[in-house]
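J.: any chance you could fold what I've pasted below:
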Amino acid sequence: MKTISFSLLLLLVAFVAHTQGTSIQVNPDGTHTIIHHNGNTAVQVNPDGSHSVIHYSGNTGVQVNPDGSHTTIHRTGNSSVVVNPNGTQTVIHHKGSTDTQVNPDGTHTTIFHGQPGKSGAPLKNKRKKTKAR
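T.: Below is the predicted model of the structure:
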């Protein structure tokens, strides 16, 4: 009986760990993109209502765009490099519950997460509390 209870507890913990919440992306033009995370996949609802699906496997992700093209995401530590379908690159800097995306044209996109680290990227740095002076 203890083995079954422990197994159910581990299953519950694993399920909760894979349900990751929602992120809001504020695009350079002021529009918003909503990203629903669930385990190793995410559904991105674009401002025009179209959808993209992102599949994660370890530190690599593949995004299937609405037009069928593919984007690859390579995560390393606190940053990610995104290779866009046209060959340009986007860099994402992860810090706490906010990511800053530097787009190929130099504009910036901000991504807010409900909880730190829920973008699927490994966040190893922890903010240190400092005393107010």
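J.: and the closest residue to residue 76 other than its chain neighbours, how far from residue 72?
T.: Using Cβ to Cβ, 6 or more residues apart in numbering and skipping the chain neighbours, the partner closest in space to residue 76 is residue 59 (6.7 Å). Quick note: C-beta positions are derived from backbone N, CA and C, even for glycine. Separation of residue 59 from residue 72 (Cβ to Cβ, to the nearest Å) stands at 11 Å.
J.: in the protein, which spans are helices?
T.: 2-18 (DSSP state H).
J.: any stretches of it with poor pLDDT?
T.: 1-20, 115-133 (pLDDT under 70).
J.: quick one, strands of it?
T.: Along the chain, the stretches classed as strands by DSSP state E are 21-26, 32-38, 41-45, 51-57, 60-64, 70-76, 79-83, 89-95, 98-102, 108-113.
J.: now render the ones you listed as a markdown table, adding mean neighbour count.
T.: Shown next, in a markdown table, are the strands of the chain (neighbours: other Cβ atoms under 10 Å):
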| stretch | mean neighbour count |
| --- | --- |
| strand 21-26 | 17 |
| strand 32-38 | 16 |
| strand 41-45 | 17 |
| strand 51-57 | 15 |
| strand 60-64 | 16 |
| strand 70-76 | 15 |
| strand 79-83 | 17 |
| strand 89-95 | 16 |
| strand 98-102 | 17 |
| strand 108-113 | 16 |
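J.: for the residue nearest to residue 78 when sequence neighbours are not counted, give its distance to residue 24.
T.: Among residues not flanking residue 78 along the chain, residue 94 sits closest, at 4.9 Å (Cβ to Cβ, 6+ apart). Distance, residue 94 to residue 24, using Cβ to Cβ: 15 Å.
J.: so who does residue 27 touch?
T.: 33, 47, 109 (Cβ atoms under 8 Å, 6 or more residues apart in numbering).
J.: contacts only, for the second one.
T.: For residue 47, the residues meeting the contact criterion (Cβ under 8 Å, 6+ apart) are 27, 31-33.
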